[in-house]
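What would the 3D arrangement of this be:
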Amino acid sequence: MEKAFLHNNSLLDWKETGAYIADSEDFDLAKYGYTQQDVLGIAYLKHLRDQVVVNDFSLIASFDGRHRSGKSVTVATISCLIDPTFWDNFNSRIVTTPDQFLRVIKSFGDNDIHGGVIQIDEAGITLSGADFYERWMKNVVDAVQMFGYLNPIVFFVAPIKDFINAPLRKMFHIYFNVRRYSDGCAYVIPYHLNYSGTYSKTFYRKPVVRFAGRKFHLRKLKMPKPPDFIVKRYKELEKLNKSRILEGLVKNMGYLQTRDTSRKLSEDEILECILNTPELYEAKSSKPEDLKLSGDWVHHRHKHVPVRTCSLLAQDAERIIKEKRVDLKAKAEEDVK
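Coordinates of the predicted model:
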């Protein structure tokens, strides 16, 4: 067994065919050359894996970082390490469309895969306005609810976490910022998230690693450069996904054009804007599972419309979106059957 190339899941040894967790009696710091910092990183990713496999939770996390920071390859590497089934299904587990996401979730149920990882790549481009609300968000929420017994792990990868719309961000358990200063390694800075419905606010805190009877606040993970076979396989997949990502980018540009408010829009046009980008009109009390739209936000962006009319438009849009979500959920359940 060789030293793991990543400071990863506890006592984890790497093979080109995938990853597995070694028995504790096989772990030897001197033999494999681990430092205390290595072990802390290992203990942290073991904790993430245990939250899913041992404690029976699901995990939704987001990764962001500047362009070419290596975030997608880093996430793919972590996925290979914490999920033994990821490498064998590499191309299907890295998704860019809602249809791909649903197929992977369904395969988890068909094959009884627990703790499987799904990487939603370039989420900032593919999770656009109406498409997000009508497909992506409901797919994720429904999948976690219907297939929660399988403990799915969902990783969103985006240039900036704010590219992903606010309601879905409220569901995130962990946020990772990926930075790269040289070609040799990347730094992953973790934050554990706690969304408070009382304050309508997300609180960020540094994770705590318990090791050898002590507590350590984990500031960052140093990630060595992934092995060439992962980089090569990801680049091959990236070329295949470019066309899909380009379609998402074109769709986003279309939404930006429809949101031109330099002229006074009619009530029907305003309703269409709300349906396409409901995140811009969300009330503070809105939750991922219970969308609430604010007439005040509608009036703020369309001041030529009376306040009462804005409230009615917000109510109509809220009703339409919820009806679509119900239909999508029913369709998803039929597809699963």
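
Which other helices and strands does the strand of greatest length in the chain contact?
Secondary structure of the chain read by DSSP state E shows that its longest strand is strand 185-196. The contact analysis (3 or more CB pairs under 8 Å, 6 or more residues apart in numbering; DSSP states H and E) places strand 185-196 against helix 71-82, strand 174-179, strand 201-205, strand 221-224. For the C-beta atoms, the positions are set from N, CA and C on the backbone; glycine is no exception.

Can you verify my assumption that residue 280 contacts residue 294?
No. Under the criterion of CB atoms under 8 Å, residue 280 makes no contact with residue 294, lying 10.0 Å away.

Spell out which residues are contacts of both of those two.
Here residue 280 and residue 294 have no joint contacts, going by CB atoms under 8 Å, 6 or more residues apart in numbering.

what about the helices in the chain?
Along the chain, the stretches classed as helices by DSSP state H are 29-32, 36-53, 71-82, 90-93, 98-111, 123-126, 129-131, 137-146, 166-169, 228-258, 267-276, 295-301, 307-336.

I'd like to know which of these lies nearest to residue 216.
Across those, residue 216 has its closest neighbour in helix 36-53 (5.7 Å, CB to CB).

Just the buried positions in that closest one, please.
For helix 36-53, a neighbour-count test (16 or more other CB atoms under 10 Å) marks 38-49, 51-53 as buried.

got it, and stretch 180-197?
Those would be 180, 186-188, 190-193, 195, for stretch 180-197 by 16+ other CB under 10 Å.

circling back to that earlier point, now render the helices of the chain as CSV, adding mean pLDDT.
Below are those laid out as CSV (pLDDT from 0 to 100):
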stretch, mean pLDDT
helix 29-32, 52
helix 36-53, 80
helix 71-82, 89
helix 90-93, 92
helix 98-111, 87
helix 123-126, 54
helix 129-131, 48
helix 137-146, 72
helix 166-169, 68
helix 228-258, 71
helix 267-276, 88
helix 295-301, 86
helix 307-336, 83
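
got a markdown table for these, with distance to residue 221 too?
Compiled in a markdown table, the helices of the chain are given as follows (distance: least, CB to CB, whole Å):
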| stretch | distance to residue 221 |
| --- | --- |
| helix 29-32 | 18 |
| helix 36-53 | 5 |
| helix 71-82 | 9 |
| helix 90-93 | 22 |
| helix 98-111 | 26 |
| helix 123-126 | 21 |
| helix 129-131 | 33 |
| helix 137-146 | 25 |
| helix 166-169 | 22 |
| helix 228-258 | 17 |
| helix 267-276 | 38 |
| helix 295-301 | 39 |
| helix 307-336 | 35 |
